[in-house]
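Asker: The following block contains a protein sequence and its predicted model.
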Amino acid sequence: MADMGFRNVIASMDPLANSRKIPLLNATAIGESADTQDDHLIIPDHQFSSRACISSHDQYLEMYNRSIDDPSGFWSDIAASEFFWKQKWDQKVYSENLDVRRGEIKIEWFKGGITNICYNCLDRNIEAGLGQKVALYWEGNEPGFDSSLTYTHLLNKVCQLASFLKANGVRKGDAVVIYMPMLMELPIAMLACARIGAIHSVVFGGFSSESLAQRIIDCKPKIVITCNAVKRGSKVILLKDIVDVALTDSAQNGVSVATCLTYENESALKRESTKWKEGRDIWWQDAVSTYPTTCTVEWVDAEDPLFLLYTSGSTGKPKGVLHTTGGYMVYTATTFKYAFDYKPTDVYWCTADCGWITGHSYVTYGPLLNGASVVVFEGAPNYPDPGRCWDIVDKYTVTIFYTAPTLVRSLMREGNEHVTRYSRKSLRVLGSVGEPINPSAWRWFFDVVGESRCPISDTWWQTETGGFMITPLPGAWPQKPGSATFPFFGVQPILVDEKGNELKGECSGYLCLKSSWPSAFRTLYNDQERYETTYFKPFPGYYFTGDGCTRDKDGYYWLTGRVDDVINVSGHRIGTAEVESALVSHPQCAEAAVVGIEHEVKGQGIYAFVTLVDGVSYSEELRKSLILAVRNQIGAFAAPDKIHWAPGLPKTRSGKIMRRILRKIASKQLDEVGDTSTLADPDVVHHLISLADR
């Protein structure tokens, strides 16, 4: 059963709440008091709620209670009514063992059910009359370069590539590595693999040749699919050169790949300037277009593998997270539908790259399973200027916009004028993903970007979970800026102490999940022992997320970041996200990243990298003011020991801050900074090092 305190607090909410709105903080006041107002409720607009898929907390509670009390009935009803199955699953909808004390960890959903996720994304929607609806809008790096594909055209292109793969020896269960930028050919390649039962492993186009080689060696693909180059902003990245080095390295380690299918991205690099290996390399445009636009579907079991997605290899060997077909299909489609309040008329844009789980679940599979029109963007969100996102929103009349807090804070730093010069009237739902969003950024996103009318789906989930775990449902209940609010259907979040004791009511602890959900990852590829040791042995009987979390007096969940991002200062456990939020609340701080360093007295000290608002200069007075902001909001024990001025932070091109690098700089282990090739701007590291003693 779920936490009854949570059920009771939701049930006790004012039933008339949807008919009024609480006054909101003005965007110009961000940084003055916003981050001290965490418990202020943002009441959903009554008109929005009345039209929402989940229109009230009562409706949510009814569905949530059933999903916990009768998960088999709840999920089988959705699976049977909204998806195509060639054959229905076995009588048992799911089976699980999450307790290492009882034997091998095992999770299965819809076992025996025969289906195909590509068929459900494309053929099923075309059969339902959506053939001429735009499936993908593509926006190039340079403004004015764009194209689109209807569901029918997308299916044709998927079938051509699927036929090529089959003709080149790819069979059900074989792996295919995809190393591409955000061209339409990336989701096409994913769907083509799924259509023939091959396992795709998408590698983010920012990874180095060494990282790519690691993944090739581990999964031993039949084919690597890539692109000769990509422009991101004004920078050209030679992807094919990186692949060449990776294939040489993997061959030296006993894994040879016979075919490298290469897409010519002529806006970045002409084919005559592309390095080439005859007999291995094949131009996509020359070969794939010669194949038929039909390809027989390979029907697969619900528990057959769909894709591998490797987590970053910053420490040790990358972890190959394995997701299977049926449960993932049902869960991603359902979470997309309800968490974004999806309507058939919506135009949806997620800024994530398909090299990450967000691009799998909420650029490709979740939206297409719902028959949505999806914007795919190749470029950088601040190129050629910081208004690019809103130019794209207006161009395609985007209604649902889903992005990362890092991007929100980056755009917030540039000033409101880059937002307000665009209409944005089409927007109706906003979303946040990737890390906890600090309340001041949440309010700016809500007040400025969404004009105080668009609810924010602040989603918490992981590569391992496959889909949203804790998330607002737009219109269903009041929001608290910075809180992921309440669990999605079938999800039972549990907070435990260091000994694994379950905590009740208002508390802070380690976030675990009780029982499985359809899209849970099934194992780590070729490493079941690591799977069990990492996720299930820390707190037997539960899936351990690795995250810290607070549940407030009203039952709202607040993610505090990774447990390894908790600093123990003089016996006080301080979440780095909490300190970062306090720093960013300062009106002259645009962004902050906090790490722990060794301290001879306190055990650990707090080291803060701070990026200032444009035009603000570094000063001792400002340093003291920032420290005071943390003291005032959290306490003297949380005051940073060091403020490190940072013109920029080391980020991947998807916006993820590379804290590993920051820890090395803070600890003065400059010879151990490691690989910086995945960074959007590697020069940032040199700037940070040069400012270390200021």
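Answerer: Thanks, I have it. Numbers count the residues shown, from 1 in each chain.
Asker: tell me the contacts of the closest residue to residue 645 other than its chain neighbours?
Answerer: For residue 645, ignoring the flanking residues on the chain, the nearest one in space by C-beta to C-beta, 6 or more residues apart in numbering is residue 618 at 4.8 Å. Placement of C-beta: from N, CA and C, glycine included. By C-beta atoms under 8 Å, 6 or more residues apart in numbering, the contact set of residue 618 is 612, 645, 694.
Asker: Just the buried residues from the residues you listed, in ChimeraX please.
Answerer: Buried members of the contacts of residue 618, defined by 16 or more other C-beta atoms under 10 Å, are picked up in ChimeraX with:
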select :612,645
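Asker: Can you add pLDDT and give the contacts of residue 618 back as a markdown table?
Answerer: Output for the contacts of residue 618, formatted as a markdown table (pLDDT from 0 to 100):
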| residue | pLDDT |
| --- | --- |
| 612 | 95 |
| 645 | 95 |
| 694 | 70 |
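Asker: and which of the contacts of residue 618 is nearest to residue 404?
Answerer: residue 612 (20.8 Å; C-beta to C-beta).
Asker: Report the beta-bridge partner residues of the closest one.
Answerer: Beta-bridge partners recorded for residue 612 (DSSP bridges): residue 589.
Asker: Test my guess that it contacts residue 589.
Answerer: Yes: under the criterion of C-beta atoms under 8 Å, residue 612 makes contact with residue 589 at 6.4 Å.
Asker: pLDDT weak spots in the stretch 551-694 of the chain?
Answerer: Scanning the stretch 551-694 of the chain for pLDDT under 70 picks out the ranges 570-573, 653-654, 677-678.
Asker: Then the chain?
Answerer: Residue ranges of the chain with pLDDT under 70: 1-39, 312-316, 570-573, 653-654, 677-678.
Asker: Strands along the stretch 251-400 of the chain, start to end?
Answerer: Using DSSP state E, counting those that start in this stretch, the strands assigned to the stretch 251-400 of the chain run over residues 259-263, 281-283, 300-301, 305-310, 320-324, 347-350, 373-377, 400-403.
Asker: can you give me how far the second one is from the chain middle?
Answerer: I take that to be strand 281-283. Taking C-alpha atoms, centre = their mean, to the nearest Å, one finds the center of strand 281-283 at 31 Å from the center of the full chain.
Asker: what do you get for the last one?
Answerer: Offset of strand 400-403 from its chain centre (C-alpha atoms, centre = their mean): 11 Å.
Asker: Run through who's touching it.
Answerer: Residues external to strand 400-403 that are found in contact with it (C-beta under 8 Å, 6+ apart): 340, 342, 346-352, 358, 362, 381, 389, 393, 427-433, 449, 457.
Asker: mind redoing it with 6 Å?
Answerer: Identification of contacts with strand 400-403 by C-beta atoms under 6 Å, 6 or more residues apart in numbering yields 340, 346, 348-351, 427, 429-431.
Asker: can you pull out the strands in the stretch 551-694 of the chain?
Answerer: 557-562, 566-569, 572-575, 589-599, 603-612, 642-645.
Asker: Present those as TSV; the columns should include distance to residue 497.
Answerer: Listed next are the strands of the stretch 551-694 of the chain as TSV, based on distance: least, C-beta to C-beta, whole Å:
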stretch	distance to residue 497
strand 557-562	15
strand 566-569	14
strand 572-575	11
strand 589-599	21
strand 603-612	20
strand 642-645	31
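Asker: of the ones you listed, which approaches residue 664 most closely?
Answerer: If you check each of the strands of the stretch 551-694 of the chain against residue 664 by C-beta to C-beta, strand 589-599 wins as the nearest, at 9.4 Å.
Asker: Could you report the neighbour count for residue 176?
Answerer: Neighbour count of residue 176, defined by other C-beta atoms under 10 Å: 26.
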